[in-house]
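# Take this sequence and fold it.
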Amino acid sequence: MNLSCKELKRQARETLNGRYGLPMNVNVMTGLMVFAASFPFNYSFQKNPGTLQLVTYYFAAFIISLLSIVLTCGIIRIHLDMSRGKERTFADLFYYFSRKPDRLILAQLSLMLKIFAAAIPAIICAMYYFRFPSLTWMALMIIAFLVSAFFICYLSLTYSLIYYFLVDNDSLGVSDAFCLSREHMKGNRGRLLYIAFSFIGMALLGLLSFGIGFLWIYPYISQTIAVFYRNIIGEVS
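Okay, here's the model as predicted:
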């Protein structure tokens with residue numbers, strides 16, 4: 001039975017009650033590590049970058065995004081195990097650096113390529129518009145952006161569970177994880193989108209608190225998605 005958004009969030013709050021410390025700490029650490037790795041390249045990018053600096057900056061950002069997914073999967077593991085009543089420690093954030101991280105990096109790379117392919121029409125129309133500015137190319141660019149945005153959203157929802165399946169099964173292949181996510185998200189894309197929109201109010205409060213509120217909001221969202229995943233696979237109902 002599909003649980004309502006309200007019930008998913010209730011179970012997430014119940015799991016996190018008195019246990020916010022670990023999710024907060026791993027989120028902060030992940031953010032700090034990504035920031036520290038990115039800072040030298042961000043700094044140089046602001047100093048009238050040349051071609052080499054631009055290439056270095058974007059290449060570094062690409063590599064950092066691939067490596068950060070390994071930390072993200074550590075966070076997913078923590079939230080899944082918390083949802084299942086298991087105890088986790090801060091060290092679990094780094095768990096997948098020694099457990100076939102290539103699977104996670106390959107999955108991230110594959111998803112990025114799919115999303116990039118969906119964005120190609122918008123990129124091409126934008127290039128033509130800036131080269132040959134006209135109302136026709138502007139209209140085509142807007143249409144292409146809307147079409148690309150739709151397909152990017154569709155792909156993001158369809159493959160939103162690939163990392164959960166990879167975390168849940170260390171022997172699962174990347175292509176199998178994509179297939180499982182695609183199968184299980186049939187009829188559930190709208191549910192996940194609704195869950196995402198249900199956090200907009202909290203996100204606004206987080207911004208109004210100068211970001212401090214996100215210390216609680218991020219774990220709440222992650223825990224809710226973990227319960228959603230367990231509901232999708234029939235583990236909770």
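# Next, the residue of the chain most remote from its centre: phi, psi?
Here the chain reaches farthest from its C-alpha mean at residue 134, the gap being 36.4 Å by CA atoms, centre = their mean. Main-chain torsions, residue 134, degrees, to the nearest 10: phi -160, psi 160.
# Show the pLDDT at it.
For residue 134, the model assigns a pLDDT of 85.
# Likewise for residue 209?
The per-residue pLDDT of residue 209 was computed as 89.
# Just give me the neighbour total for it.
Using other CB atoms under 10 Å, residue 209 has 13 other residues around it. For glycine as for every other residue, the C-beta is placed from the backbone atoms N, C-alpha and C.
# The helix or strand hosting residue 190: which residues count as buried?
According to DSSP states H and E, residue 190 maps onto helix 189-197. The neighbour-count check on helix 189-197 (16 or more other CB atoms under 10 Å) flags 191-192, 195-196 as buried.
# Could I get the full set of helices for this structure?
Assigned helices in the chain, in chain order: 5-16, 21-45, 51-83, 101-131, 135-158, 162-168, 174-184, 189-197, 200-208, 214-232 (criterion: DSSP state H).
# Next, the angle from the longest one to helix 101-131.
Using axes from the mean of the first three to the mean of the last three CA atoms, to 10 degrees, the inter-axis angle of helix 51-83 relative to helix 101-131 is 130 degrees.
# do the fifth one as well
Orientation check (the same axes, to 10 degrees): helix 135-158 against helix 101-131 gives 170 degrees.
# about what we covered before: which of the helices of the chain has the highest mean neighbour count?
helix 162-168 (a mean of 23; mean count of other CB atoms under 10 Å).
# Counting by contacts, list what it packs against.
helix 51-83, helix 101-131, helix 174-184 (3 or more CB pairs under 8 Å, 6 or more residues apart in numbering; DSSP states H and E).
# can you put those helices in TSV and add mean pLDDT and distance to residue 164?
TSV is the format used below for the helices and strands packed on helix 162-168 (pLDDT from 0 to 100; distance: least, CB to CB, whole Å):
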stretch	mean pLDDT	distance to residue 164
helix 51-83	87	6
helix 101-131	91	11
helix 174-184	96	8
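# Dihedrals phi and psi, residue 19?
Dihedral angles (degrees, to the nearest 10) for residue 19: phi -130, psi 30.
# Could you count how many residues lie near it?
By other CB under 10 Å, 14 other residues sit near residue 19.
# OK, contacts around it?
With contact taken as CB atoms under 8 Å, 6 or more residues apart in numbering, residue 19 is in contact with residue 82.
# Give me the distance between it and residue 85.
As judged by CB to CB, to the nearest Å, residue 19 and residue 85 stand 11 Å apart.
# before we move on, the earlier item: now the helices of the chain in a markdown table, with distance to residue 92?
Below are the helices of the chain laid out as a markdown table (distance: least, CB to CB, whole Å):
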| stretch | distance to residue 92 |
| --- | --- |
| helix 5-16 | 16 |
| helix 21-45 | 8 |
| helix 51-83 | 5 |
| helix 101-131 | 14 |
| helix 135-158 | 26 |
| helix 162-168 | 11 |
| helix 174-184 | 20 |
| helix 189-197 | 24 |
| helix 200-208 | 25 |
| helix 214-232 | 14 |
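# Can you check which of the ones you listed gets nearest to residue 90?
Residue 90 lies closest, by CB to CB, to one member of these: helix 21-45, at 6.0 Å.
# Which other helices and strands does that closest one contact?
helix 51-83, helix 214-232.
# Would you format the ones you listed as TSV with distance to residue 32 included?
As requested, the helices and strands packed on helix 21-45 are arranged in TSV below (distance: least, CB to CB, whole Å):
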stretch	distance to residue 32
helix 51-83	11
helix 214-232	13
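# so which of those gets nearest residue 163?
Of the helices and strands packed on helix 21-45, nearest to residue 163 by CB to CB is helix 51-83, at 5.4 Å.
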